[in-house]
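Trainee: A predicted structure for the sequence below; I have some questions about it.
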Amino acid sequence: MLFRRLVLALALACVAAWPAIAVGPTGTVVGTVADPSEAVIPKAQITVRNQGTNATRQVLTDDDGDFSVPLLPPGVYEVSAEKAGFRRSVHSNVNLNVDQTARVDFVLQVGQLSEQVIVTESVPIVQTDSSTLGQVIERKQVSELPLNDRNFLTFALLVPGGQLPVQGSLNSTQGGAINVNGAREQSNDFLLDGVDNNDLYINQYSVLPSVDAIQEFKVQSGTYSAEFGRSSGAQVNVVLKSGTNQFHGSGFEFVRNRNMDAKNFFDQPDCTPDSIVGTCGPIPRLDRNQFGGTLGGPIQKDKTFFFISYEGLRLRQATTREAVVPSQVQLEEADGLLQGLGYPQNPAGMAAGERRPAGLGGLEYLRLLPRDSGHGRLVDRQVGPPNRFQQHLFRPLLAVQ
């Protein structure tokens, strides 16, 4: 019975992950193959191999010695070139980011095809084959930089032109927002593995992935290609991790509570022997537990891979609420106004069946509030009950090549 349930759960996870198969943002590797005299070499065979999954693509150079290998998932690649009468040349550890056009040029040396030349020169950082302006937030930054609330959108502030929106704006109160190059926060376009990830109501991200599940993401701020034509602001393209031929995983838990916190300005003061009940108290309760993990690996080596991500959030938080009580002078003025209209003080409320003109109820309500002993204002502070919030993010991925 237990085995049947496990099989059913795995089948449901695969069905849920099916839209992610063969879908996602890609990059392109381009280059030119030449001999030592800088003469181009046509019909040279180019092999591009993903070092994580061993997925291989092969193309031939054209009559001008150029080649282009598009639709490559972001990752680390090995690019090689070979031609009869020349030594085989290999570029290893070519890091291809999301929506990047990486140039890898070859200069083949005369020799036997069985001989091999390993090229250690890195791919140029400056892109000369694309006019797109943007910046990639790489895996190392995503996994190692401190991040409050674990919202990936905070990393977008590292991009030139990215800045926080106006405090209290619509999207900033609904999970976070960003302005890029002066564009409105509703003008951004969010993509998750190449799929539209926009909330149609407020034009914000619809699905918030776990930070540990993100491989990298790119924020394109201007002159992006025609495929990104939905919005006039930034294009935020998020790429999630995938399984490889090696098992890999992670686990985490982040804990915050009031034991290491200080009181803020609005909290009640600490209690002393002379304190009045209700005017003092400890730090309001705060217990925030954010936990989860990831696991990925092969199902069939070089063919089928899986990746699972889970993140949970449990938050119990109490807040201090304050209200301003009218001063003694204000209360006396309200009493005088009511008496001048012919309504004497009646702290117990209106008599049964008695009807008062509209608008006097608020004045009479002031008589029931606590009285301030001075001419200033009395601030009444109370700690409300803890709010409870839970959130669960689960994402299975099945990749077939």
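Mentor: The structure has been received and is ready for your questions. Numbers count the residues shown, from 1 in each chain.

Trainee: can we go C-alpha only for contacts and neighbour counts from here?
Mentor: OK.

Trainee: where does residue 249 land in three-state SS?
Mentor: Classification of residue 249 using DSSP: H, G, I helix; E, B strand; the rest coil returns strand.

Trainee: tally up the residues packed near it, please.
Mentor: By other Cα atoms under 10 Å, 15 other residues sit near residue 249.

Trainee: the residue nearest to it when sequence neighbours are not counted and residue 28, how far apart?
Mentor: Once flanking residues are discounted, residue 249 sits nearest to residue 295: 4.2 Å by Cα to Cα, 6 or more residues apart in numbering. From residue 295 over to residue 28 the distance is 28 Å, taken as Cα to Cα, to the nearest Å.

Trainee: any low-confidence regions in the stretch 51-200 of the chain?
Mentor: 121-129 (pLDDT under 70).

Trainee: so which residues of it form strands?
Mentor: 56-60, 66-72, 75-82, 88-96, 101-103, 106-107, 116-119, 133-137, 162-163, 179-180, 189-192, 195-196 (DSSP state E, counting those that start in this stretch).

Trainee: residue 273: which of the ones you listed is closest?
Mentor: strand 162-163 (48.7 Å; Cα to Cα).

Trainee: residue contacts, the residue nearest to residue 249?
Mentor: 247-250, 307-309 (Cα atoms under 8 Å, 6 or more residues apart in numbering).

Trainee: tell me which residues in stretch 292-302 are buried?
Mentor: 292-299, 302 (16 or more other Cα atoms under 10 Å).

Trainee: spatially central residue for the chain, please.
Mentor: Nearest to the geometric centre of the chain sits residue 152, at 2.2 Å (Cα atoms, centre = their mean).

Trainee: my guess is it meets residue 211, correct?
Mentor: Yes: counting by Cα atoms under 8 Å, residue 152 does reach residue 211; the two are 6.2 Å apart.

Trainee: so what sits against both of the two?
Mentor: What both residue 152 and residue 211 touch, as defined by Cα under 8 Å, 6+ apart, is the set residue 142.

Trainee: re the thing from before, hmm, which of the contacts of residue 295 are the buried ones?
Mentor: 307-309.

Trainee: which one of those is nearest residue 268?
Mentor: For the buried ones among the contacts of residue 295, the nearest to residue 268 is residue 309 (41.2 Å; Cα to Cα).

Trainee: that closest one in helix, strand or coil?
Mentor: Quick answer, by three-state DSSP: residue 309 is strand.

Trainee: tell me the contacts of the closest residue to it other than its chain neighbours?
Mentor: Once flanking residues are discounted, residue 309 sits nearest to residue 294: 4.4 Å by Cα to Cα, 6+ apart. Applying Cα under 8 Å, 6+ apart to residue 294 gives the contacts 212-213, 249-251, 307-310.

Trainee: could you dump those residues to a markdown table with distance to residue 85 and pLDDT?
Mentor: Listed next are the contacts of residue 294 as a markdown table, based on distance: Cα to Cα, whole Å; pLDDT from 0 to 100:
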| residue | distance to residue 85 | pLDDT |
| --- | --- | --- |
| 212 | 47 | 91 |
| 213 | 46 | 92 |
| 249 | 45 | 93 |
| 250 | 48 | 92 |
| 251 | 51 | 93 |
| 307 | 43 | 94 |
| 308 | 47 | 94 |
| 309 | 49 | 94 |
| 310 | 53 | 94 |
